[in-house]
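# just need the structure, nothing else, for what follows:
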Amino acid sequence: MDSDTYKTIKSSAEGIYKEKGSRFIAFAIPVSDQEEIKPIIERIRKDHHEARHHCFAYMIGQERKIWRVNDDGEPSGTGGRPILGQINSNGLTNMLIVVTRYFGGTLLGVSGLINAYKTAAALAIGNAEIVERLLQDYYEVTFPYRCMNDVMKILKEENIGQSGQSFDLECRIILNFRASIKDKILNRLLRIDGLKSSYIETH
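A predicted model of the protein is given here:
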């Protein structure tokens, strides 16, 4: 896998595991930032308000450094960490897994809980389509209209994605390109007299 690609799931998927009367429903959901997490969990809690626990784990970012686990009242380390373990063992990121537990009346013990949450998460991932995404930088460039040909020549030669264009006395284009070639592209563009660039985001 290249340094500017990452693996995630294409769309939401579910997995169900049953153990001694308890039902564990795992929801694997693609996400791109932490702001998305809370509303998703709240929606699942609302949809499954009779469930006893909603343990979750998420991993975000191509470098896989943003993560969190939550046991939601289960014994420490028995819910969130086994779920995160499945995300890690598959090398995935930009995803959330929530495992909702309907209690069946029989205590499973620490090892039983760990196995149940791990298995439910694994089933959801197994039902998902894993895809490799390209990490791209998005920049806005502005430049005088007289520089149009110079700018377009570079964009064509480097096969740069473009959107949000407006051409007037002052021209504006949003560019997207592989994060790994950022320095090369910007160095070429910034040699053009009057051109300015500003970073928007990476995803």
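
# show me what the longest helix seen in the chain is packed up against.
Assignment by DSSP state H gives helix 109-126 as the longest helix of the chain. On a contact count with 3 or more CB pairs under 8 Å, 6 or more residues apart in numbering; DSSP states H and E, helix 109-126 meets strand 13-19, strand 22-30, helix 80-89, strand 95-102. Every C-beta, even on glycine, is put in place using the N, C-alpha and C of the backbone.

# that one to strand 22-30, inter-axis angle?
40 degrees (axes from the mean of the first three to the mean of the last three CA atoms, to 10 degrees).

# buried residues in helix 109-126?
Neighbour-count burial for helix 109-126, counted by 16 or more other CB atoms under 10 Å, picks out 113-125.

# picking up where we left off before, between the helices and strands packed on helix 109-126, which one is closest to Leu175.
The minimum distance between Leu175 and the helices and strands packed on helix 109-126 falls on strand 22-30, with 24.7 Å, by CB to CB.

# contacts only, for Ala170.
Ala isn't right for residue 170; it's Glu. 142-145 (CB atoms under 8 Å, 6 or more residues apart in numbering).

# select only the buried ones of those residues in ChimeraX?
ChimeraX command restricting the contacts of Glu170 to the buried ones, with burial defined by 16+ other CB under 10 Å:
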select :143
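
# taking the contacts of Glu170 one by one, which sit in strands?
Among the contacts of Glu170, the ones falling in strands (DSSP state E) are 142-144.

# nearest to Leu108 among those residues?
For those, the nearest to Leu108 is Thr142 (60.2 Å; CB to CB).

# mind listing the strands the helix or strand that the longest helix of the chain is followed by pairs with, and their directions?
Counting by DSSP states H and E, the next helix or strand C-terminal to helix 109-126 is strand 130-134. The pairing partners recorded for strand 130-134 under DSSP bridges are strand 5-9 (antiparallel).

# before we move on, back to that, nearest to Val151 among the ones in strands among the contacts of Glu170?
Phe143 (5.8 Å).

# correct me, but that closest one touches Cys171?
Yes: the criterion here is CB atoms under 8 Å, and Phe143 meets it with Cys171 at 5.5 Å.

# so what sits against both of these two?
Counting by CB under 8 Å, 6+ apart, the residues touching both Phe143 and Cys171 are Val151.

# and the buried residues of helix 109-126 as CSV, adding pLDDT?
CSV is the format used below for the buried residues of helix 109-126 (pLDDT from 0 to 100):
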residue, pLDDT
Leu113, 97
Ile114, 98
Asn115, 97
Ala116, 98
Tyr117, 98
Lys118, 98
Thr119, 98
Ala120, 98
Ala121, 98
Ala122, 98
Leu123, 98
Ala124, 98
Ile125, 98
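
# could you dump those to JSON lines with distance to Val98?
Listed next are the buried residues of helix 109-126 as JSON lines, based on distance: CB to CB, whole Å:
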{"residue": "Leu113", "distance to Val98": "16"}
{"residue": "Ile114", "distance to Val98": "17"}
{"residue": "Asn115", "distance to Val98": "18"}
{"residue": "Ala116", "distance to Val98": "14"}
{"residue": "Tyr117", "distance to Val98": "11"}
{"residue": "Lys118", "distance to Val98": "14"}
{"residue": "Thr119", "distance to Val98": "15"}
{"residue": "Ala120", "distance to Val98": "10"}
{"residue": "Ala121", "distance to Val98": "9"}
{"residue": "Ala122", "distance to Val98": "14"}
{"residue": "Leu123", "distance to Val98": "13"}
{"residue": "Ala124", "distance to Val98": "9"}
{"residue": "Ile125", "distance to Val98": "13"}
